[in-house]
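Novice: Model the structure of this input:
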Amino acid sequence: EIRLRLVGSEMCIRDSYAEALRWQQKALVLFRSASKTDNGLIGAILLYIGRAQSALGDFPSALESIRGDLRILTKLYGPDYAMLYHSEAATGDVYKRWYLRTGEDSLLQLSRTHFRLAEQHLDKCIRFENFSDARRRSLNDAVMVFEQAISAENLQLKTGEDPAALENAWRLSEEMHGFSLFAAAQESDALHFSGIPDSLLNLEKNLKSDMNTLENRRQKLITQGGLSITDSLVLENDVRYFAKRDAYGRLCTHFEQHFSEYFRLKYALENVTLAEAQKMLEPQQTLLEYFTGDSSIFIFVLHQTDSRLMEICLLYTSDAADE
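Specialist: The predicted structure is shown next:
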């Protein structure tokens, strides 16, 4: 079964989407016959199926498959589960592809909405992830998701019907740059300032570790133990988790009030708005900011009184052909 799933993924990489879809659907049948309940692995296969269906232009089926993944993960882990960004970003991509095929404005609006949801989940993954390897994976995913999100905003700009689209694209670029700086600061362990008692730093570390342990235990109880989210063991685990999270929230408030510089660098990702950046410029000055993705470079050209967004395509894609 694992081999079937891996073969399907490799087929997608080689753009043999029809063949990939056939193997993925075989894997889905095998996993469902071997498992009495839907689990995260079945959700992942549905996500792969949805991506292949979208690449083949079967957008309604793609949305149905991806919604199946979203439904399973929400049932298992709740609507605030940070890893839902995979499903939300995939949904945004389906609607974007569909828009490029039909030109239907409502599809582009739906794409932008789902990319925004993916962005919110990624924010939680990057800022509150305890382990550096997982944070790096989320950061790499964020580049791809934000590239697609900025692309959707750029498409909206081309319609000339939403001036806020440029501000949204700028915010996405700034947020991605902020994530990168934040991760670099975390990796370099540059956030230990003098004057903060070791007891508070240790408490912060222990609370984050406890929350991670309890979250992992909840996943095992449900996925491996076959328990429902209303089972007494799961509920007891949830009570302990939320108690730790509340304590962590109070500690963050304490840092914000008494150790503002530490809080600002570690938790408060403040970005400059488009208007604020323009105000910093003299009349004769021009500011260029770049967002480099896998298939495009987006260039923000800012003047004191006006701004615009340019896209340079690095690779030939089916999306570019549709545009």
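Novice: Please make it C-alpha for all contacts and neighbour counts, starting now.
Specialist: Will do.
Novice: How are the helices of the stretch 101-250 of the chain distributed by residue range?
Specialist: Chain-ordered helices for the stretch 101-250 of the chain, with DSSP state H, counting those that start in this stretch as the definition, fall at 105-128, 132-159, 164-187, 198-223, 232-258.
Novice: how about TSV for those helices, with mean pLDDT, mean neighbour count and distance to residue 80 added?
Specialist: Putting these into TSV (pLDDT from 0 to 100; neighbours: other C-alpha atoms under 10 Å; distance: least, C-alpha to C-alpha, whole Å) gives the following:
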stretch	mean pLDDT	mean neighbour count	distance to residue 80
helix 105-128	90	20	8
helix 132-159	88	19	16
helix 164-187	82	18	20
helix 198-223	84	15	12
helix 232-258	85	15	13
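Novice: Adding distance to residue 71 as columns, could you present those helices in a markdown table?
Specialist: Below are the helices of the stretch 101-250 of the chain laid out as a markdown table (distance: least, C-alpha to C-alpha, whole Å):
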| stretch | distance to residue 71 |
| --- | --- |
| helix 105-128 | 15 |
| helix 132-159 | 21 |
| helix 164-187 | 27 |
| helix 198-223 | 15 |
| helix 232-258 | 19 |
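Novice: nearest to residue 61, of those helices?
Specialist: Closest to residue 61 of these is helix 105-128 (C-alpha to C-alpha; 15.3 Å).
Novice: For the closest one, C-alpha coordinates in CSV please.
Specialist: In CSV, the C-alpha atoms belonging to helix 105-128 read as follows (Å, rounded to 0.1, in the frame of the first residue of the first chain):
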residue,chain,number,x,y,z
ASP,A,105,-14.7,36.3,-11.1
SER,A,106,-16.3,34.5,-8.2
LEU,A,107,-13.8,31.7,-8.5
LEU,A,108,-10.9,34.1,-8.1
GLN,A,109,-12.5,35.5,-4.9
LEU,A,110,-12.8,32.0,-3.5
SER,A,111,-9.2,31.3,-4.4
ARG,A,112,-8.1,34.4,-2.5
THR,A,113,-10.2,33.5,0.5
HIS,A,114,-8.7,30.0,0.8
PHE,A,115,-5.2,31.3,0.4
ARG,A,116,-5.9,33.7,3.3
LEU,A,117,-7.0,30.7,5.5
ALA,A,118,-3.8,28.8,4.5
GLU,A,119,-1.8,31.9,5.5
GLN,A,120,-3.4,32.0,8.9
HIS,A,121,-2.7,28.3,9.6
LEU,A,122,0.9,28.7,8.4
ASP,A,123,1.4,31.6,10.8
LYS,A,124,0.6,29.3,13.7
CYS,A,125,2.9,26.6,12.3
ILE,A,126,5.9,28.9,12.0
ARG,A,127,5.5,31.1,15.1
PHE,A,128,4.5,28.4,17.6
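Novice: Next, the angle helix 164-187 makes with it.
Specialist: Angle, helix 105-128 to helix 164-187, by axes from the mean of the first three to the mean of the last three C-alpha atoms, to 10 degrees: 20 degrees.
Novice: For helix 105-128, enumerate the helices and strands it packs against.
Specialist: Using 3 or more C-alpha pairs under 8 Å, 6 or more residues apart in numbering; DSSP states H and E as the contact test, the elements touching helix 105-128 are helix 85-102, helix 132-159, helix 164-187.
Novice: Redo the ones you listed as CSV? Include distance to residue 226.
Specialist: Output for those, formatted as CSV (distance: least, C-alpha to C-alpha, whole Å):
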stretch, distance to residue 226
helix 85-102, 23
helix 132-159, 26
helix 164-187, 36
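Novice: Ok, which of these comes nearest residue 214?
Specialist: helix 132-159 (16.9 Å).
Novice: From the contact counts, what lies against the closest one?
Specialist: helix 85-102, helix 105-128, helix 164-187.
Novice: now the ones you listed in JSON lines, with distance to residue 72?
Specialist: Compiled in JSON lines, the helices and strands packed on helix 132-159 are given as follows (distance: least, C-alpha to C-alpha, whole Å):
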{"stretch": "helix 85-102", "distance to residue 72": "11"}
{"stretch": "helix 105-128", "distance to residue 72": "17"}
{"stretch": "helix 164-187", "distance to residue 72": "28"}
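Novice: Which of those sits closest to residue 50?
Specialist: Comparing the helices and strands packed on helix 132-159 under C-alpha to C-alpha, the one sitting nearest is helix 85-102, at 8.1 Å.
Novice: I am finished for the moment; much appreciated.
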